[in-house]
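Student: my questions concern the predicted model and sequence given below.
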Amino acid sequence: MFKALDSEITKKNIRNLVVSFYTKVLADETVGSFFIEKLGTELTSEAWAEHIDILTNFWAGIYLGDTEYRGAPFVPHMQLEGLKRTTFEQWLKLFFKTLDSIYIPEIADQFKSRATLIAGNFMRNLGL
């Protein structure tokens, strides 16, 4: 069955992006363990629900001007041990794959550019 790609950014499809992405993350041996250690293995848990809300609001803030996100995205990454450049590269690979399954190329590319910039800043600030 073919699902049409979204041609606009909405909070609903951002949430779909986030859930679809973290479903891939949980199954990934490079990045999954970082999230499992902090949030567990069940996306339906309270910890995951909170994380999904945070990330949905984060991306909605960037692309929709939504004001619900009030965090500092870099801070939690400072507390993680074992992060490497390859961790961020795999995160981006999974994120890009998910974007390509949700959005038309023009929108996916907007997210990819922003995610690449954010990951680069995080790696630089972490000394990776």
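Tutor: Yep, it's here.
Student: ok, Phe111 touching Thr98?
Tutor: No: Phe111 lies out of contact with Thr98 (CB atoms under 8 Å); the separation is 9.3 Å. No exception for glycine: its C-beta is placed from N, CA and C like everyone else's.
Student: shared neighbours, those two?
Tutor: By CB atoms under 8 Å, 6 or more residues apart in numbering, Phe111 and Thr98 have these common neighbours: Leu17.
Student: who are the contact partners of Phe74?
Tutor: Contacts of Phe74 by CB under 8 Å, 6+ apart are 121-122, 125.
Student: ugh, wrong one, Lys93
Tutor: Lys93 touches nothing, counting by CB under 8 Å, 6+ apart.
Student: quick one: it is in a strand?
Tutor: No: read with DSSP: H, G, I helix; E, B strand; the rest coil, Lys93 is helix and lies in no strand.
Student: can you tell me which of the contacts of Phe74 are buried?
Tutor: Buried subset of the contacts of Phe74 (neighbour count, 16 or more other CB atoms under 10 Å): Phe122.
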